[in-house]
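> Sequence first, predicted model second:
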Amino acid sequence: STPAPVTSTHAPVASTPAPVASTPSPVDCSAKLVAVQTGPSTTCDGGNVHWWPLDSGCHGWEGLSPDGELHLNSASGMKCIDEDTFTFDQYAGSLDCTGTAVTKTIHFDTCEQDRPPVLYSKGIDFECCKNPDSESCKTAVPYVTRDGTTIYKDGEICDDDNSTPAPLVSTPAPVTSTPAPVASTPAPVASTPAPVTSTHAPVASTPAPVASTPSPVDCSAKLVAVQTGPSTTCDGGNVHWWPLDSGCHGWEGLSPDGELHLNSASGMKCIDEDTFTFDQYAGSLDCTGTAVTKTIHFDTCEQDRPPVLYSKGIDFECCKNPDSESCKTAVPYVTRDGTTIYKDGEICDDDNSTPAPLVSTPAPVTSTPAPVASTPAPVASTPAPVT
């Protein structure tokens, strides 16, 4: 009644292929490298170091800023112009060199203003520009000195991206030739209109500035506040005041280590009084690309996406009591200096001037009139108290 096993002892056949191509890396990312240091200091000290590949297709890098924002960047055309000059075209918000490129030029051992202008960069190892065939020219996988950064080549991930940072060479000698930056800092043109010299009273042909003040876009909305950061308690993270039912909400800014990041979201709404949801688009300001749906709960710190982040709702009054005075109506805001807010792809002029107060601090009541001239001044006669 119990038949002996027959076929179970056969050797494995072709249906179980051996792992070959997946080890050690799905993409050969090794290249000759140059090192650039970038940060907010005018001396370039303390910034992150990026080991850039030369002549290596599309180089992409993805990571989280210390305040929890995901940023994507890529570059093409990485090459040495001469032994002290390195250039590339950078694409903010993409890993595959799509979008609008910004051409950057870095000089060896010369700290210069970068783009955006709050950053400064200098070359700290250009051996592969000076002596590409020597042993001092590093050949390795590109690397960024920030934990958690993922490196890409031509849109595909490098498996061994951050395991072996290339060592720096000895302290470089100062360079005497310091070419002046030219095209990297374009002069503002259309953003500052020339003053009108006419002294005539305004007529119909000269409309009063209405829509442009205080903002080119009406960004005011009912807001909810979410705190996000790397702590499992959500303490110490940035606070984002999100608009409800407000089209496409975008925000752009620099991480503390100098990376430009773009994000946007749509479908911001309350599911119930303790639950807020939205669709987030990393790398765009106009809600294009691939969306990630996120759900935040009030006063509950939960793992976010990506999983190194944690978020909780800290002011959901507009979910609970949308018609009450405790529901804040203001311009959306992020508690990080230099963040620019957008609505439907257009900038909000007054984006970061007035952060909304948390619910624990009541908003000032605007109905309290200021003292006016009708308050009579005290007169000489002082009536006796009435008993």
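Right, received. Where do you want to start?
> What about the residue nearest to Thr100 when sequence neighbours are not counted, how many residues nearby?
What sits nearest to Thr100 in space, not counting adjacent residues and going by CB to CB, 6 or more residues apart in numbering, is Tyr91, at 7.1 Å. (Each C-beta comes from the backbone N, C-alpha and C, glycine too.) As a burial measure, Tyr91 scores 21 neighbours (other CB atoms under 10 Å).
> Secondary structure of Tyr91: a helix, I assume?
No - secondary structure assignment (DSSP: H, G, I helix; E, B strand; the rest coil) places Tyr91 in strand, not in a helix.
> Which of the three states applies to the closest residue in space to Thr290 that isn't next to it in sequence?
Nearest residue to Thr290 in three dimensions, chain neighbours excluded: Tyr281, at 7.1 Å (CB to CB, 6+ apart). Put simply, Tyr281 is strand when judged by three-state DSSP.
> Can you tell me how far the residue nearest to Thr100 is from Pro306?
Counting by CB to CB, to the nearest Å, the gap from Tyr91 to Pro306 is 21 Å.
> Show the residue spans covered by the helices in the stretch 201-350 of the chain.
317-320 (DSSP state H, counting those that start in this stretch).
> which sections of it are below the confidence cut-off?
201-216, 255-258, 350 (pLDDT under 70).
> what about the strands in it?
221-229, 238-243, 249-254, 260-272, 275-282, 291-297, 302-303, 310-315, 329-330, 333-334, 340-343, 346-347 (DSSP state E, counting those that start in this stretch).
> which stretches of the stretch 51-200 of the chain have low pLDDT?
Counting by pLDDT under 70, the stretch 51-200 of the chain has low-confidence residues at 65-68, 160-200.
> one step back: I'd like to know which of the strands of the stretch 201-350 of the chain is closest to Gly123.
Nearest of the strands of the stretch 201-350 of the chain to Gly123, taken as CB to CB: strand 260-272 at 19.9 Å.
> buried ones in the closest one?
Neighbour counts using 16 or more other CB atoms under 10 Å place Leu260, His261, Leu262, Asn263, Ser264, Ala265, Ser266, Met268, Cys270 of strand 260-272 among the buried residues.
> Pairing partners for it, with directions?
strand 249-254 (antiparallel), strand 275-282 (antiparallel) (DSSP bridges).
> Could you list the residues in contact with the shortest one?
Right, the one you point to is strand 249-254. For strand 249-254, the external contacting residues (CB atoms under 8 Å, 6 or more residues apart in numbering) are 69, 116, 118-119, 240, 242-243, 260-266, 268, 284-287, 332, 334, 336, 338-343, 345.
> Kindly report the same for the last one.
By CB under 8 Å, 6+ apart, the list of residues contacting strand 275-282 from outside reads 70-72, 93, 224, 226, 242, 262-271, 287-298, 313, 316, 319.
> Now it: buried residues?
Per 16+ other CB under 10 Å, strand 275-282 contains these buried residues: Thr275, Phe276, Phe278, Asp279, Gln280, Tyr281, Ala282.
> tally of neighbours for Glu69?
Around Glu69 there are 24 residues (other CB under 10 Å).
> Nearest residue to it in space, please, no chain neighbours.
For Glu69, the spatially nearest residue (CB to CB, 6+ apart) is His261, at 5.0 Å.
> what about that neighbour, distance to Cys270?
His261 is 26 Å from Cys270, by CB to CB.
> Equivalent analysis for Asp337, please.
29 Å.
> Kindly report the same for Gly123.
50 Å.
> next one: Asp286
In terms of CB to CB, Asp286 sits 24 Å off from Cys270.
> What does Lys130 show for phi and psi?
In terms of degrees, to the nearest 10, the main-chain angles of Lys130 are phi -80, psi -50.
> start the count at 53, not 1, going forward
In the new numbering, first residue 53, that becomes Lys182.
> burial measure for it, as a count.
The burial count for Lys182: 17, using other CB under 10 Å.
> which ones are touching it?
Glu135, Asp136 are the contacts of Lys182 under CB under 8 Å, 6+ apart.
> Distance of it relative to Ile209?
The gap separating Lys182 from Ile209 is 31 Å, by CB to CB.
> Next: Cys379.
From Cys379 to Ile209 the distance is 44 Å (CB to CB).
> quick one: which of these two has more around it?
Shown here are Cys379 and Ile209; by other CB under 10 Å, Cys379 has more neighbours (20 against 16).
> Hmm, Lys274 and that one touching each other?
Yes - counting by CB atoms under 8 Å, Lys274 is a contact partner of Cys379 at 5.7 Å.
> Overlap of the contact sets of these two?
Joint contacts of Cys379 and Lys274 (CB under 8 Å, 6+ apart) are Cys370.
> For Val101, grab the count of nearby residues.
Val101 has 18 nearby residues by other CB under 10 Å.
> That one contacts Lys174, doesn't it?
No - checked against CB under 8 Å, the pair Val101 and Lys174 is beyond contact range at 10.5 Å.
> what's the overlap in contacts for those two?
Val88, Gln89.
> Tell me which residues of stretch 384-403 come out buried.
384-386, 388, 391-396, 399-403.
> quick one: which of the strands of the stretch 253-402 of the chain is nearest Tyr204?
Across the strands of the stretch 253-402 of the chain, closest to Tyr204 is strand 327-334 (CB to CB), at 14.2 Å.
> Pull out the CA atoms of that closest one and give them to me as CSV.
Output of strand 327-334 as CSV, limited to C-alpha atoms (Å, rounded to 0.1, in the frame of the first residue of the first chain):
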residue,chain,number,x,y,z
THR,A,327,-6.3,59.7,8.7
PHE,A,328,-4.7,61.8,6.0
THR,A,329,-3.6,60.5,2.6
PHE,A,330,-1.9,61.7,-0.6
ASP,A,331,0.0,60.5,-3.7
GLN,A,332,3.7,61.6,-3.8
TYR,A,333,5.9,62.1,-6.9
ALA,A,334,9.6,62.1,-6.2
